[in-house]
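A.B. asks: Here is a sequence together with a model predicted from it:
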Amino acid sequence: MTVYDKVKDLLVDKFGVPADEVTAEATFEDLDLDSLDLVEFALAAEEEMGVRITDEEAERLVTVQDTVDLLESKGAKV
Amino acid sequence: MSDRSTATPLAQVSARPPRDPVAVTGIGLLTPAGIGIQASWAGVLAGVSHAATDPNLAGVSADISCKVPGFDPAEMLGRKSARRLDRFVQLALVAAREAVADSGLDPETWDGARVAVVVGCGMGGAATWEEQHRRLIEQGPDRVSAMLIPMLVPNMVAGQLAMDVRAYGPNMVTATACASGATAIGTARELLLAGACDVVVTGGTEAGVTPLSVAGFAQMGALSGRIHDPTHASRPFDVDRDGFVPGEAAGILVLERTRDAEARRAHIHGRIAGYGASADAHHITAPDPKGYGAELAMRSALADAGVDPADVDHVNAHGTSTPLNDVAEARTLRRVLGDGAIVTSTKGVTGHTLGAAGAIEAAFSLLSLRDGVVPPTANLDSLDPEIDIDVVAKAPREAHLEVVMSDSFGFGGQNAVLVLTK
């Protein structure tokens, strides 16, 4: 499993996003997730992948790929 | 302390001039008796309690409750709403959609600036509060959900309904404990009569059957201890009653001024003809045994409707199944109405749905008016000899009904009484 797969699973399982809408280029706005959802996503990522996303970092995330890149740069474990 | 020496003598209340009734053009219900108006009403008429052992209450001394059967928020509202809304909002949202569809009004085309939302709720997001508090204790403050506050605050139900039906008008939640639903409907009528809006989506909702809140009610001694026989635990007005069974529900009505409803040829289920609100100013939880506050609310509602107390055909009582409420309420009913009204408590079937109770019981009152039938009080095997009113037991009673009164009384001493007519 890649970090992308894990992010996709989280979006589908915890946030109810339809699987076929999740692509690397999709923005959180496309996926109907707001800033409160991103805070929740950061918490879930920390629990599932053992890396901490700060509020400031979460605010800068626009696309799924941004998130994957950030998690990989922090050494996320999947 | 309770000094009424300077308060209005009750006999003078009835001299106040009546005001206009407002039309009920939509009803939506989710109750322990079923989802939707038809299932709920059929369940209430069947007169069988829906209380059951509640696995979520394991370890609580009174581990029985009345839940809405088969409620699946993800299926009914989508996964996003299932995740981001507390259950008290989810229940209200489904009930509101039923009520608005029933009214024949179209939120896509109505003037949303003239649509108000007034919903009663006693507790707010109790389950969210408890779950996130557990996270705080076990995992620390950094793991508390960003959705805690928007899911928890009671007013969010009115905000969410506004988003759902494009209602930009006055928007609020009323909290008068177990009278909240009736207070909301009465307040909604005030807004209509004052001209603050043309349509109101109103009612009550509650999903407070959680370990912490039920433990609190149990510690007060308010709950039935008949936990090994749950379907016989809620037994309003019965000599062997020993407390209420907590329940969850949502009831939503759509109200319009009568002339507006008639002008658009809407189907009118009935009318909210009068509203009376008062406080006991007596005790935090016990009803005033002399019943001044309850009587004041009843007489105010009847005067507001222009109805003589002797002309009330039916009372959907608060009737919680607690020893104190039922005897105090029955005495006040007898004193105000005499012996002519046919009384029931639908809480035998639904349990006590707290902030939703006044709203679902207003809906049941309207359905009684429509069908000319009073549902039985479940589990009323032997009327308390202290109670001298005509309570329906065992089977529904057919009767010609023109005027119905619905009582609601909250901890804190808040009383709200609605008078409903055809």
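C.D. replies: Done, it's in.
A.B. asks: Distance of B:Ile27 relative to chain A?
C.D. replies: In this view, B:Ile27 and chain A are 30 Å apart by CB to the nearest CB, to the nearest Å. (Glycine included, C-beta is placed from N, CA and C.)
A.B. asks: on contacts alone, who are the packing partners of the helix or strand hosting that residue?
C.D. replies: In this assignment (DSSP states H and E), B:Ile27 forms part of strand B:22-31. Contacts defined by 3 or more CB pairs under 8 Å, 6 or more residues apart in numbering or on different chains; DSSP states H and E place strand B:22-31 against helix B:37-46, helix B:87-103, helix B:180-193, strand B:249-257, helix B:258-263, strand B:270-279, helix B:357-371.
A.B. asks: Return the set of buried residues in the fifth one.
C.D. replies: So that's helix B:258-263. Residues B:Thr258, B:Ala261 are the ones in helix B:258-263 that count as buried (16 or more other CB atoms under 10 Å in any protein chain shown).
A.B. asks: for stretch B:379-399, same thing?
C.D. replies: For stretch B:379-399, using 16+ other CB under 10 Å, the buried residues are B:Asn379, B:Leu380, B:Leu383, B:Asp384, B:Ile387, B:Ile389, B:Asp390, B:Val391, B:Val392, B:Ala393, B:Pro396, B:Arg397.
A.B. asks: before we move on, back to that, and the angle from the strand holding B:Ile27 to helix B:87-103?
C.D. replies: 130 degrees (axes from the mean of the first three to the mean of the last three CA atoms, to 10 degrees).
A.B. asks: Tell me which strands strand B:22-31 pairs with, and in which orientation.
C.D. replies: Take DSSP bridges as the rule and strand B:22-31 pairs in its sheet with strand B:34-35 (antiparallel), strand B:249-257 (antiparallel), strand B:270-279 (antiparallel).
A.B. asks: can you pull out the strands in chain A?
C.D. replies: According to DSSP state E, chain A carries no segments that qualify as strands.
A.B. asks: Quick check, the residue in it closest to chain B?
C.D. replies: A:Gly16 (2.7 Å; CB to the nearest CB).
A.B. asks: before we move on, the earlier item: of the buried residues of stretch B:379-399, which pair is most distant in space?
C.D. replies: B:Asp384 and B:Pro396 (21.5 Å; CB to CB).
A.B. asks: Could you list the buried residues of the top helix by length along chain A?
C.D. replies: Of all the segments of type helix in chain A, defined by DSSP state H, the longest one is helix A:35-49. Neighbour-count burial for helix A:35-49 flags A:Asp37, A:Leu38, A:Val39, A:Glu40, A:Phe41, A:Ala42, A:Leu43, A:Ala44, A:Ala45, A:Glu48, A:Met49 (criterion: 16+ other CB under 10 Å).
A.B. asks: where does the stretch 1-150 of chain B dip in pLDDT?
C.D. replies: By pLDDT under 70, the weakly predicted segments of the stretch 1-150 of chain B are B:1-3.
A.B. asks: What residues does it have near chain A?
C.D. replies: B:Ala74, B:Gly78, B:Arg79, B:Lys80, B:Ala82, B:Arg83, B:Arg143, B:Ser145, B:Ala146, B:Met147, B:Pro150 (CB under 8 Å from any CB of the partner chain).
A.B. asks: restrict the buried residues of helix A:35-49 to contacts with chain B.
C.D. replies: Answer for those near chain B (CB under 8 Å from any CB): A:Val39, A:Glu40, A:Leu43.
A.B. asks: Double-check the last one against B:Met147; I have them as touching.
C.D. replies: Translated: A:Leu43. No. With contact defined as CB atoms under 8 Å, A:Leu43 does not reach B:Met147; the gap is 10.4 Å.
A.B. asks: Tell me which residues are up against the helix or strand of chain A with the lowest mean pLDDT.
C.D. replies: In chain A, the helix or strand scored least confidently by mean pLDDT, DSSP states H and E is helix A:55-60, which has a mean of 88. Helix A:55-60 has contacts (CB atoms under 8 Å, 6 or more residues apart in numbering or on different chains) with A:Ser35, A:Leu38, A:Val39, A:Phe41, A:Ala42, A:Asp66, A:Leu70.
A.B. asks: All good on my end, thank you.
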